[in-house]
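>>> pasting the sequence and the predicted coordinates here, then a few questions.
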Amino acid sequence: MKLVFDRPRSMRDKPMHFCPGCSHGIVHRLVAEAIDALGLRERTVAVAPVGCAVFMYEYMDFDVTESPHGRSPAVATGIKRSRPDLFVFTYQGDGDIGAIGLAEIISAANRGENFSVVFVNNTVYGMTGGQMAPTTLLGQRTTTTPRGREAKTEGHPLKMAELISGLEAPYYVARVAVDSPAHIARARKAILRAFQIQVEEKGFSFVEVLGACPLNWGLSPTEAIKRVQEELIPCYPLEVFKDKG
Amino acid sequence: MIAVGEKVLMRGCEAMAEAAIRAGCRFYAGYPITPQSELAEYMARELPKYGGVFIQSESEIAAINMVLGASVTGTRAMTSSSSPGISLKQEGISYLAGCELPAVIANFGRGGPGLGNIAPSDADYFQATKGGGHGDYHNIVLAPYSVQETVELTHLAFDLADRYRNPALILCSGLIAQMMEPVEFMPLKEEKEEKPWALTGARGRPSMVIKSLYLQDVELEGHDLKLQEKYKEIREKEVRVEAQHLEGAKLVVVSFGTAARVAASAVEEAREGGLPVGLIRPVTLFPFPRDFIRKAAEGTDRFLVLELSGGQMVEDVELAVRGRVPVEFYGRMGGVVPSPEEYLAEIRKRL
């Protein structure tokens, strides 16, 4: 019998700690598949975030370093500039990239650093228990916006992919989602494209992935997927914002 | 390149940059801040000539994290700043210590707290030697008092940082950054350190992780105990201290860095005038020469600690002396650097 589906070489055979319906498992797999497809496992150094995905190194079978919260793009800059032969990516959440680490991501993108960013946007701080993120939708109730996010006091959802694509240097900027098989297939392509751009030394590549956090949204996994489709995607359109080709 | 043995006139922060390159530093990230921006400028000009990387970062926070990234790959890396900028780097320094990553950080201290001023100060002693960031950790702290010693301690800082996989901090006042003195350099280090822990891709070996996260309490305590063992070894092996005229000294001055430079002149003058005074100058502030000072306490009547601060190292001297003899303090703050005459008057008062 022919084996048609297996664990990527870049992943370990280990049960994940993520909550039921969490998107990190899917995104982890897409990252591992892209690294396998490009044969990069043995020259990869990834930067793990602070938050639920910090345990990336438990599931990935390549070199990983931790980073202080939000500083991943600076850490990745240090790795890639001192060893340009390595394949380097950061894996970041919405608080990490859009709040505490906004200066680091904008500056790295603006320098056109030749590394890749996988940014998982689930509109909430996950590990700390569901506080408002910069990407929290208007009206969304979180533990720190108990009456729902208000534009007047908390501002509008931060659109990172649009923000990054407004800069001159970035080479590839896309937003994808992992709510359906069709969208997952597009996400797979986007991550592969982003990584390929780095391999070709073309510069900065950025993929925003809309994901679900059923636990902190107070929804079941199926309801959470529905929310991605009905609420997140209308606010955060799925597009390739920039591809210099 | 300046020949080995050739004497050149250079300011301290530029001499440190040249020494760092010769010590094998191939990555520098920094953010402009007076009084040491010339170090970054020197690196921007010279480091690429040796295949090194210079980055002007968006912030001090980014600079220390770029250094962390470079260190992850086993590259000798440094950043430098002055007091307010060093405060911003503390998060990254704590992570370096927790992840056991080597790095060299130079602090050319200026007056504080807050924005303070740009005049020389050594008031960051507590921050440098007691941790500075969060958690149980120590930097290795070296305190040069001349441009020549700045060069020598820069080489030592890189060696110690690698040997112990620990951040090494060079603490000196902004005066040393700007002071010009004749200086000689050591040869360019050609060989690279073996760093089997560095992340360079999992080729022909299992994949590796660099981290400071240990969620289980006993697991983290195990890691902390390992760090404490390392600090114990550093305390046992790496103390460096200089002393003058301790024989028969009724009063022993203890001073480091810029204050020690002035104190040395004052003590010489006092001795020439027949006053029984000696000088102890800690070169390493962590590890602190506690045993050396304890022993000196057996042969003198009192200590006088001279600092460019409101009194910081004096606490470590008191701990070393343990009440055997009185420990007195005289400090100037705000960027005031006393003259040898001012120190001499303080010495005379106590004899």
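In hand now; what should we look at? Residues are numbered from 1 along each chain as shown, chains lettered A, B, ... in the order given.
>>> and whichever strand or helix holds A:P234, which residues are buried?
Using DSSP states H and E, A:P234 sits in helix A:233-235. For helix A:233-235, burial by neighbour count (16 or more other Cβ atoms under 10 Å in any protein chain shown) applies to A:I233. C-beta: built from backbone N, CA, C; applies to glycine.
>>> show me where pLDDT drops low in chain B?
For chain B, no stretch is flagged by pLDDT under 70.
>>> re earlier: which residues sit against the helix holding A:P234?
Residues from elsewhere that reach helix A:233-235 (Cβ atoms under 8 Å, 6 or more residues apart in numbering or on different chains): A:137, A:157, A:177, A:179, A:210.
>>> please redo it, this time with the cut-off set to 10 Å
A:123, A:135, A:137-138, A:156-157, A:159, A:175, A:177, A:179, A:183, A:210, A:227 (Cβ atoms under 10 Å, 6 or more residues apart in numbering or on different chains).
>>> where along chain A do the helices fall?
A:24-37, A:56-59, A:72-82, A:94-95, A:102-111, A:151-154, A:160-165, A:181-199, A:214-217, A:221-227, A:233-235 (DSSP state H).
>>> for these, which one ends up most surrounded?
Mean neighbour count (mean count of other Cβ atoms under 10 Å in any protein chain shown) peaks for helix A:72-82 among the helices of chain A, with a mean of 30.
>>> how close does A:K242 sit to chain B?
21 Å (Cβ to the nearest Cβ, to the nearest Å).
>>> residues in contact with that residue?
Per Cβ under 10 Å, 6+ apart, neighbours of A:K242: A:161-162, A:164-167, A:170-174, A:204-206.
>>> and which of those is nearest to chain B?
Closest approach to chain B among those (Cβ to the nearest Cβ): A:L167, at 13.3 Å.
>>> what confidence value was assigned to that closest one?
Model confidence at A:L167, expressed as pLDDT, equals 98.
>>> what's the answer for A:L38, then?
98.
>>> so it sits right up against A:V31, yeah?
No. Applying Cβ atoms under 10 Å, one finds A:L38 not in contact with A:V31, separated by 11.2 Å.
>>> overlap in contacts, the two.
A:44, A:192, A:195.
>>> export those to a markdown table and tack on distance to A:S10?
Output for these, formatted as a markdown table (distance: Cβ to Cβ, whole Å):
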| residue | distance to A:S10 |
| --- | --- |
| A:T44 | 8 |
| A:L192 | 13 |
| A:F195 | 12 |
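>>> restrict those residues to those near chain B?
The subset of those within reach of chain B, by Cβ under 10 Å from any Cβ of the partner chain, is A:T44.
>>> out of the shared contacts of A:L38 and A:V31, which is nearest to chain B?
For these, the nearest to chain B is A:T44 (6.1 Å; Cβ to the nearest Cβ).
>>> wait, that closest one sits on B:G201?
Yes. Counting by Cβ under 10 Å, B:G201 is a contact partner of A:T44 at 6.1 Å.
>>> neighbour count for these two, which is higher?
A:T44 (24 against 21; other Cβ atoms under 10 Å in any protein chain shown).
>>> now do the contacts for the more buried one.
A:10, A:31, A:35, A:38, A:60-64, A:86-89, A:195, B:199, B:201-202, B:207 are the contacts of A:T44 under Cβ under 10 Å, 6+ apart.
>>> quick one, which of the contacts of A:K242 are buried?
A:161-162, A:164-165, A:167, A:170-174, A:204-206.
>>> whichever residue of the stretch 1-150 of chain B sits closest to chain A: neighbouring residues, count only.
Going by Cβ to the nearest Cβ, chain A is nearest to B:G69 of the stretch 1-150 of chain B, at 2.3 Å. A total of 33 residues lie near B:G69 under the criterion other Cβ under 10 Å.
>>> repeat that for the one 4 residues further on.
The local packing of B:T73 (other Cβ under 10 Å) involves 24 other residues.
>>> dump the residue contacts of the residue lying closest to it once chain neighbours are set aside.
Distance criterion Cβ to Cβ, 6 or more residues apart in numbering or on different chains; nearest residue to B:T73, sequence neighbours excluded, is A:R83 at 4.6 Å. Contacts for A:R83 (Cβ under 10 Å, 6+ apart) come out as A:43, A:45, B:69-70, B:72-75, B:198-201.
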